[in-house]
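got a sequence here, can you model it:
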Amino acid sequence: MQYPLTQYSHGAGCGCKISPQLLSEIVQGGPDFSGFTQLLVGNQSNDDAAVYQLDETSALISTTDFFMPIVDDPFDFGRIAAANAISDVYAMGGKPLMAIAILGWPVNTLPAAVAQQVMAGGRDACAEAGIPLAGGHSIDSPEPIFGLSVNGLVHPANLKQNNTAKDGDWLFLTKALGTGILSTAQKKGVLSDPDYASLVKQLKTLNRAGAVFGHLPGVHAMTDVTGFGLAGHLLEMAAGSDLYAHVQLDRLRILPGVNAFIAAGISPGGCQRNWKSYGEQVGFAPSVNVAEASLLVPDPQTNGGLLLAVAENSVPAVEEVFRQFGLEEYLEPIGRLQAVPPAGNVRVYFS
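A predicted model of the protein is given here:
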């Protein structure tokens, strides 16, 4: 018997994330880390992971990520959720070390054998990353949930953060956009088989290039694009670095089928929640179709691409890494970070 997992949950993938605005309320008044001198990264900058320095040459990266099914196949769901969690380590410029699983399962609704397939998918992603899935924790949950807590290592000098970009940095993105829109179409039963195959292929792909980008000093800042959408993660990078992002829409790569669904008004609920949280900080050139662009740029991504801020003289080295990992189609920068505000004095501007 088949169990289409997306029909057992109200959300999908990173679209399940709480909106940036509400999350800011929840974490307001958080702990004072001033006494923890070895804590290099806490939650002050909404970065991808926490980082704790162990000694002069190593720091521990610690992160967790989990969500509800974004695809129906249990093995693929496990693989995607694991790849998404491991991505946080890559986004900090580090190398993953070990993972433990987080599983919530509706034991009276879905058989244990289906959960076993989810776990197998998670182990598959970990095996490709070269790490063990060494244990975990499970609960009886009304909806299926899966993810990982991942630890990694990075040399402190190679650590990448999302708020350390510099004026004039070029912006690169290593994957196409539209996973939230396509997963919504799939849940509605209107996604074609070829477009579904393209979606799953990207969702399952590890962001392994991040560990190599960590060794390039000219990569000034890095993050992965996930639940807050491209615009949300650009905002974090630009505002955290006291800069402004200028992005060319026609340089963004978009998954097959996305534009047609945008034109049909199909988008996940997380898209609207994101836009409500930060839309006033995003501007568009007069030539842009705002109705369509305002669905694409806040679309919540699952296991999205790495967003890099790169010094001009380091662009050739970054392009070489792109080629090394088969990312040639993303070689063209999508925009630039500058100290001068764009039209309308917004933080992120799409033209």
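
find the residue closest to A176 in space, skipping its chain neighbours.
Spatial nearest neighbour of A176, chain neighbours left out: R253 (4.1 Å); criterion: CB to CB, 6 or more residues apart in numbering. The way it works is simple: take the backbone N, C-alpha and C, and place the C-beta from them, glycine included.

and if you look at A231?
That would be V297: by CB to CB, 6+ apart, it lies 4.1 Å from A231.

for the residue nearest the centre of the chain, give me its contacts.
The geometric centre of the chain, computed from its C-alpha atoms, lies nearest to T226 (CA atoms, centre = their mean), at 2.7 Å. T226 makes contacts with 14, 17, 84, 87, 233, 300-304, as judged by CB atoms under 8 Å, 6 or more residues apart in numbering.

go on, P256?
Contact partners of P256, counting by CB under 8 Å, 6+ apart, are 194-195, 198.

try it again with 10 Å
Going by CB atoms under 10 Å, 6 or more residues apart in numbering, P256 touches 176, 178, 182, 192, 194-199.

now those as TSV including pLDDT?
Formatted as TSV, the contacts of P256 follow (pLDDT from 0 to 100):
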residue	pLDDT
A176	98
G178	97
L182	96
S192	95
P194	96
D195	96
Y196	96
A197	96
S198	96
L199	97
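
of the residues you listed, closest to L243?
Nearest to L243 among the contacts of P256 is A176, at 24.8 Å by CB to CB.

hang on, isn't that closest one packed against L252?
Yes: contact between A176 and L252 holds when scored by CB atoms under 10 Å: they sit 8.0 Å apart.

overlap in contacts, those two.
Y330.

sorry, back to before: what about the residue nearest to A176, neighbour count?
A count of nearby residues for R253, using other CB atoms under 10 Å, gives 15.

chain neighbours aside, what residue packs nearest to A285?
S351 (3.7 Å).

contacting residues for that neighbour?
Neighbours of S351 in contact, by CB under 10 Å, 6+ apart: 246-250, 283-288, 335, 342-343.

cool, and M237?
45, 161-165, 169, 171, 220-223, 243, 245, 307-309, 337, 347-348 are the contacts of M237 under CB under 10 Å, 6+ apart.

cutoff 8 Å now
Neighbouring residues of M237 by CB under 8 Å, 6+ apart: 162-163, 165, 221, 223, 245, 307, 309, 337.

the host helix or strand of it: what's the following helix or strand?
M237 belongs to helix 229-240 when assigned by DSSP states H and E. Note on helix 229-240: by DSSP H and E, the next helix or strand toward the C-terminus is strand 244-247.

check the offset of that following strand from the chain's centre.
How far strand 244-247 lies from its chain's middle: 19 Å, per CA atoms, centre = their mean, to the nearest Å.

what's next to the helix or strand following that strand, contact-wise?
Next along the chain after strand 244-247, taking DSSP H and E as the criterion, comes helix 258-263. Contacts of helix 258-263 with the rest of the structure, by CB under 8 Å, 6+ apart, involve 177-178, 181-182, 184-185, 190, 267, 292, 295-296.

what's the distance between the closest residue in space to Q117 that isn't next to it in sequence and T205?
Ranked by CB to CB, 6+ apart and with sequence neighbours excluded, the top spatial neighbour of Q117 is P74, at 3.9 Å. From P74 over to T205 the distance is 19 Å, taken as CB to CB, to the nearest Å.

and these two? which has more neighbours close in?
Taking neighbours as other CB under 10 Å, P74 and T205 compare with P74 leading, 25 against 20.

low-confidence ranges in the protein?
Confidence mapping of the chain against pLDDT under 70 gives the ranges 1, 8, 10-32, 34.

quick one on the thing from earlier: the residue nearest to Q117: what's it in contact with?
P74 sits next to 3, 5, 114-115, 117-118, 121 when contact means CB under 8 Å, 6+ apart.

I figured L243 hits Q338, correct?
Yes: L243 is within contact range of Q338, at 6.4 Å (criterion: CB atoms under 8 Å).

overlap in contacts of these two?
Common neighbours of L243 and Q338, using CB under 8 Å, 6+ apart, are D167.

neighbour count: those two, which is higher?
Neighbours were counted for L243 and for Q338 using other CB under 10 Å; L243 has more, 24 against 16.

how much space between that one and A115?
As defined by CB to CB, L243 lies at a distance of 45 Å from A115.

swap in D140?
To A115, D140 is 11 Å away according to CB to CB.

domain parsing for this protein?
5-158, 170-350 (automatic domain parsing).

V107 and I139 touch, don't they?
No: the pair V107 / I139 is not scored as a contact, 9.6 Å apart, by CB under 8 Å.

JSON lines please, covering the contacts of T226 and showing neighbour count and distance to Y330.
Formatted as JSON lines, those follow (neighbours: other CB atoms under 10 Å; distance: CB to CB, whole Å):
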{"residue": "C14", "neighbour count": "26", "distance to Y330": "20"}
{"residue": "K17", "neighbour count": "21", "distance to Y330": "24"}
{"residue": "N84", "neighbour count": "29", "distance to Y330": "19"}
{"residue": "S87", "neighbour count": "31", "distance to Y330": "16"}
{"residue": "H233", "neighbour count": "25", "distance to Y330": "16"}
{"residue": "P300", "neighbour count": "32", "distance to Y330": "20"}
{"residue": "Q301", "neighbour count": "30", "distance to Y330": "14"}
{"residue": "T302", "neighbour count": "28", "distance to Y330": "18"}
{"residue": "N303", "neighbour count": "29", "distance to Y330": "15"}
{"residue": "G304", "neighbour count": "31", "distance to Y330": "12"}
